[in-house]
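S.K.: give me coordinates for this.
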Amino acid sequence: MNCPYCDEDMEEGCVGTREGYGLFFVKQPAKLPSVFDTKSQIEAEGTIILDGPRHTRIKDSYCPAHLCRSCGKIILDCGG
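M.R.: Model (predicted):
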């Protein structure tokens, strides 16, 4: 995959957390979901769930991604 910003080749990988509650896109860090929030409550706040949520912290969370080392951009695949 080529970077849409600089057209250099991108590396395939992922963005993730270890033993976390999940991986989310939020507009403000203060709006990160609580371990007590359900999937529907999280989505109602406008948060995009990249992986999770989990009510146990046993499983890792990750989201497929591509990295451009040339310009430092990361593109996430949040399609589910």
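
S.K.: tell me which stretches of the protein form helices.
M.R.: In the chain, the helices defined using DSSP state H lie at 39-44.

S.K.: which stretches in it count as strands?
M.R.: Secondary structure of the chain (DSSP state E): strands located at 11-17, 23-25, 48-51, 61-67, 74-76.

S.K.: paired strands for the third one, with orientation please.
M.R.: Read it as strand 48-51. Partners of strand 48-51 in the sheet, by DSSP bridges, are strand 23-25 (antiparallel).

S.K.: what lies in contact with the strand it pairs with?
M.R.: Residues from elsewhere that reach strand 23-25 (C-beta atoms under 8 Å, 6 or more residues apart in numbering): 15-17, 32-33, 42, 47-53, 61-63, 76, 78. Placement of C-beta: from N, CA and C, glycine included.

S.K.: does Pro33 really touch Ser40, like I thought?
M.R.: No. Using C-beta atoms under 8 Å, Pro33 makes no contact with Ser40, being 11.4 Å away.

S.K.: in terms of neighbours, single out the busier of the two.
M.R.: Pro33 (20 against 7; other C-beta atoms under 10 Å).

S.K.: now do the contacts for that one.
M.R.: Counting by C-beta under 8 Å, 6+ apart, Pro33 touches Tyr21, Gly22, Phe24, Val26, Gln41, Ile42, Glu45, Thr47, Pro53.

S.K.: change it to 7 Å
M.R.: Contacts for Pro33 were tallied using C-beta atoms under 7 Å, 6 or more residues apart in numbering; they are Phe24, Ile42, Thr47, Pro53.

S.K.: which one of the strands of the chain lies nearest to Tyr5?
M.R.: Of all the strands of the chain, strand 74-76 sits nearest to Tyr5, with 9.4 Å by C-beta to C-beta.

S.K.: now do the closest one: which elements does it pack against?
M.R.: If contacts are counted by 3 or more C-beta pairs under 7 Å, 6 or more residues apart in numbering; DSSP states H and E, strand 74-76 sits against strand 61-67.
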